[in-house]
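Novice: Using only what follows, build the 3D model:
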Amino acid sequence: MSSSVIARTRFSVLDRSRTREAHPPAQALRDTVALAREAEALGYHRFWVSEHHGVPGVAGSAPTVLAAAVASATTTIRVGTGGVMLPNHRPLVVAEQFGVLESLFPGRIDMGLGRSVGFTDGVRRALGRDKGDAEDFAAQLGELLEWFTGSSPTGVHARPAEGLRVPPFVLAMGEGARIAARAGLPMVIGDLRDREKMLRGIDQYRSLFRPSRWAAQPYVVISGSVAVAGTEAEARRLLVPEAWSMAYARTHGTFPPLAPAEEIEARAMTAKERGFYAAGLDGHLAGTGEQVAHGLESVLKETEAAEVLVTTSGYDRAALRDSFRRLAALFAPR
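Specialist: Below you'll find the predicted structure:
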């Protein structure tokens, strides 16, 4: 069932350590580490974790700490962040953290970097940040890279980061594509549901790209949810908990833990909730292996991306693991 374009594409996983109703956050973190082991066994190229603060539905608040746990539990898969939100941190501290990771797990660490700040005003105040901090991302990124090259004008040296080569990636939302191109860095862009916007960002990135010591040519990673099951209905059902969490966040201002699909499907929703929920289910790559393979071929030919970063979340852990196994059968058939 695997096609040539799928077979020559790298597939990776971004797990956000989503919490589930009636389960403690610690379980979500343990699930992340367990999923990383499975992703490695299935042949995925990278396993990344994310940064969220003060979000009830996400346990992943310290990505470099969690990345260390993932790297300790695996042996070959690349491990990184998708991403560390650079406006929330001093670049020196980020460089030191990734320097420690790379020193402990040489040749396996990626440094995915984003420009978002806290989800709410309260979180931003707690972090000592505001929305304006994201506007300085290009300068923060440049400073971070200087710590690795030893070219910081401060006279201070980042230990043990200086001289190490930790591949940086930019999570490209809006201005991020231009920043990644001008810095000469690989770019991660989503989501798969808005194909036109994605293609515009990729075209802009490629047209503005300047070769650097980090990358000689553009490198595009596309990201989004991909669900594979025995039937189209089963694959779509895997996406129900995340779609409801997004709908709830848009109508109530807080992002909740994942709930069981059957509970959500029986819920009486307001018209506004129903609209966001329906929109949250549309446009993903979801279906049988054959259907998803067809969708992947289409998007890969359009984008000419080198890699797909799969971001699927679900309440049913067994169904989620099965989806990753079925997807792996498309790009690395045994």
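
Novice: From the chain's centroid, how far away is stretch 74-83?
Specialist: Computed by C-alpha atoms, centre = their mean, to the nearest Å, the chain-centroid distance of stretch 74-83 equals 11 Å.

Novice: go on, stretch 165-175?
Specialist: In terms of C-alpha atoms, centre = their mean, the centre of stretch 165-175 is found 11 Å from the chain centre.

Novice: Buried residues in that stretch, which are they?
Specialist: Neighbour counts over stretch 165-175 (16 or more other C-beta atoms under 10 Å) mark Val166, Pro167, Pro168, Phe169, Val170, Leu171, Ala172, Met173 as buried. From N, CA and C alone the C-beta is placed, and that goes for glycine too.

Novice: what does stretch 24-42 give?
Specialist: In stretch 24-42, counting by 16+ other C-beta under 10 Å, buried: Pro25, Ala28, Leu29, Asp31, Thr32, Val33, Leu35, Ala36, Glu38, Ala39, Glu40, Leu42.

Novice: Mind picking the one among those residues that's closest to Ala69?
Specialist: Val33 (5.6 Å; C-beta to C-beta).

Novice: How far away from the center of its chain is the helix or strand the closest one falls within?
Specialist: In this structure, Val33 sits in helix 25-42 according to DSSP states H and E. Relative to the centre of its chain, helix 25-42 is centred 15 Å away, using C-alpha atoms, centre = their mean.

Novice: Ok, stretch 300-309 next?
Specialist: How far stretch 300-309 lies from its chain's middle: 15 Å, per C-alpha atoms, centre = their mean.

Novice: got the CA positions of that stretch in CSV?
Specialist: The C-alpha trace of stretch 300-309 is given here as CSV (Å, rounded to 0.1, in the frame of the first residue of the first chain):
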residue,chain,number,x,y,z
LEU,A,300,3.3,15.5,-0.1
LYS,A,301,3.2,16.1,-3.9
GLU,A,302,1.7,19.6,-3.3
THR,A,303,4.1,20.7,-0.6
GLU,A,304,7.2,18.7,-1.5
ALA,A,305,7.8,18.4,2.2
ALA,A,306,10.6,16.2,3.5
GLU,A,307,8.8,15.2,6.7
VAL,A,308,5.4,14.8,8.3
LEU,A,309,5.1,15.5,12.0
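
Novice: Pull the residues that contact that stretch.
Specialist: With contact meaning C-beta atoms under 8 Å, 6 or more residues apart in numbering, stretch 300-309 is reached by 5-6, 9-14, 45-46, 48, 82, 188, 190, 195, 198-199, 202, 219-224, 226, 296, 299.

Novice: for stretch 86-93, same thing?
Specialist: 51, 53, 94, 113-118, 127, 129, 133-134, 136-137, 140-141, 143-144, 147, 156, 158.

Novice: Same question for stretch 25-40.
Specialist: Under the contact criterion C-beta under 8 Å, 6+ apart, stretch 25-40 has outside partners 13, 15, 17-20, 47, 49, 58-60, 66, 69-70, 73-77, 79, 317, 320-321, 324-325.

Novice: And the buried ones among the residues you listed, selectable in ChimeraX?
Specialist: Buried residues among the contacts of stretch 25-40 (16+ other C-beta under 10 Å), as a ChimeraX selection:
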select :13,15,17,18,19,20,47,49,58,59,60,66,69,70,74,77,79,320,321,324
